[in-house]
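Q: The amino acid sequence is not available; the structure is as follows:
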């Protein structure tokens, strides 16, 4: 009977040890898995913190750029003197043409004289425009050719080249709708912007 009791006790102790060891193994496994998940969570938190820092820096840079652009716009507003649009009947360009007519040249002569008598220290932006017929690439090139023709003419009549710039808007800034002949004719123009 002692032998049976000791066998039962040994069996019970072995069972208790097996259950205890199984519980320890489960606790160790859970702890190791929790540690792995915790490490991943810390890494993700670090990346989130880094991303938030980067976003804050970008927002600051964007705000600085906007502030500088606003200040430049206010400064430029004070420098605008006047503009002259070369688009009345004597100034309109023909379809796909950049040549200056005699009437255009007379208007530009008067404009150059005004620049010389008013103030020699001005800057002129010559904007070339077209109607919307034809491919956009062709119209941008044509707008540039019109602006360059005016720039060359002004330079030949005493306005220094370093005070004249050209830009082509092509068909992008119409003065009138392009759905009729008069509107398309009004859009074939050059605009002179005078800045101090």
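A: Ah, there it is. Since we're looking at a predicted model, the values are computed, not measured. Residues are numbered from 1 along each chain as shown.
Q: Could you list every helix and strand in contact with the helix or strand containing residue 126?
A: Here residue 126, judged by DSSP states H and E, is contained in strand 123-129. In this structure, strand 123-129 makes packing contacts with helix 136-156, strand 164-170, strand 190-195, judged by 3 or more Cβ pairs under 8 Å, 6 or more residues apart in numbering; DSSP states H and E. From N, CA and C alone the C-beta is placed, and that goes for glycine too.
Q: For beta bridges, what are the partners of residue 192?
A: Counting by DSSP bridges, residue 192 is bridged to residue 84, residue 126.
Q: Might you report the residue contacts of it?
A: 83, 84, 85, 86, 111, 124, 125, 126, 127, 150 (Cβ atoms under 8 Å, 6 or more residues apart in numbering).
Q: quick one: which of these has the most company?
A: Among the contacts of residue 192, the one with the most neighbours (other Cβ atoms under 10 Å) is residue 150, at 28 neighbours.
Q: okay, the contacts of residue 192 in JSON lines with distance to residue 26 and pLDDT next?
A: Converted to JSON lines, these look like this (distance: Cβ to Cβ, whole Å; pLDDT from 0 to 100):
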{"residue": "83", "distance to residue 26": "83", "pLDDT": "69"}
{"residue": "84", "distance to residue 26": "88", "pLDDT": "70"}
{"residue": "85", "distance to residue 26": "86", "pLDDT": "70"}
{"residue": "86", "distance to residue 26": "89", "pLDDT": "64"}
{"residue": "111", "distance to residue 26": "92", "pLDDT": "87"}
{"residue": "124", "distance to residue 26": "85", "pLDDT": "88"}
{"residue": "125", "distance to residue 26": "79", "pLDDT": "90"}
{"residue": "126", "distance to residue 26": "83", "pLDDT": "91"}
{"residue": "127", "distance to residue 26": "79", "pLDDT": "90"}
{"residue": "150", "distance to residue 26": "87", "pLDDT": "91"}
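Q: Let me have those residues in a markdown table, extended by distance to residue 117.
A: A markdown table is the format used below for those (distance: Cβ to Cβ, whole Å):
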| residue | distance to residue 117 |
| --- | --- |
| 83 | 18 |
| 84 | 15 |
| 85 | 21 |
| 86 | 19 |
| 111 | 11 |
| 124 | 15 |
| 125 | 20 |
| 126 | 20 |
| 127 | 23 |
| 150 | 19 |
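Q: Just give me the closest of the residues you listed to residue 159.
A: residue 124 (6.7 Å; Cβ to Cβ).
Q: Just give the closest residue to that closest one, not the sequence neighbours.
A: Nearest residue to residue 124, sequence neighbours excluded (Cβ to Cβ, 6 or more residues apart in numbering): residue 164, at 4.8 Å.
Q: Check residue 163 too.
A: residue 123 (5.3 Å).
Q: so that neighbour touches residue 161, yeah?
A: No. Using Cβ atoms under 8 Å, residue 123 is not in contact with residue 161, being 11.6 Å away.
Q: Compare those two (neighbour count), which wins?
A: When residue 123 and residue 161 are compared on other Cβ under 10 Å, the one with more neighbours turns out to be residue 123, at 14 against 10.
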